[in-house]
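A.B. asks: A predicted structure for the sequence below; I have some questions about it.
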Amino acid sequence: FISFIKKNDFNMLMSLFSRMLMKNEWKDYSFQAKNNEIIFCFYKNSHENPLYKITYSKRSKKYKEWKIFYKNKKVRTSIYLIQIIQWLEGQHLRVIK
C-alpha cells in the first residue's frame, strides 16, 4: 500500500516553505516516503536536525492524518493540512510596531 498526497497539498507545503524561506526562518527541506507515510522536514540550517516535520499518514481510504513535530515532539494533529499550516504560521507571526 503506497501512501500519497494530493498535488494541492504538495503545493501548499512548498508555498509554506517559500514563505518561511523569505522570512529567513528556514533554509532547506527534504521529504521521504516510508511505508504508509510521507515525511516533510524543514531545516533552519542544512547541517542541523529538522526544526519541523510534517507527516502525512494514510492507513485506509477513510483514515488519513497530518501531524506536525517541533524538534521531534508532536505538537498538532489534524485530518486537514491547512489547519497544520495555520497553526505553524501562527507560531511565526511577529508584532511590528
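C.D. replies: Structure received.
A.B. asks: longest helix in the protein, please.
C.D. replies: As assigned by DSSP state H, the longest helix anywhere in the chain is helix 7-22.
A.B. asks: outside of the following helix or strand past it, which residues touch it?
C.D. replies: Moving toward the C-terminus from helix 7-22, the next helix or strand (DSSP states H and E) is strand 28-34. Residues outside strand 28-34 that contact it (CB atoms under 8 Å, 6 or more residues apart in numbering) are 2-3, 17, 38-43, 45-46, 50. All C-beta spots, glycine's among them, are computed from the backbone N, C-alpha and C.
A.B. asks: go again using 10 Å as the cut-off
C.D. replies: Outside strand 28-34, the residues that touch it by CB atoms under 10 Å, 6 or more residues apart in numbering are 2-5, 10, 13-14, 16-17, 20-21, 38-48, 50, 52-57.
A.B. asks: in helices, which of the residues you listed appear?
C.D. replies: 10, 13-14, 16-17, 20-21.
A.B. asks: narrow those residues to those that are buried.
C.D. replies: 10, 13, 16-17, 20 (16 or more other CB atoms under 10 Å).
A.B. asks: between all of those residues, which two are separated the most?
C.D. replies: Phe10 and Met20 (15.9 Å; CB to CB).
A.B. asks: ok, now which ones touch Phe69?
C.D. replies: 39, 41, 50-55, 75-76.
A.B. asks: let's see 6 Å
C.D. replies: Lys53 (CB atoms under 6 Å, 6 or more residues apart in numbering).
A.B. asks: which strand residues bridge it?
C.D. replies: Taking DSSP bridges, one obtains Lys53, Lys74 as the residues bridged to Phe69.
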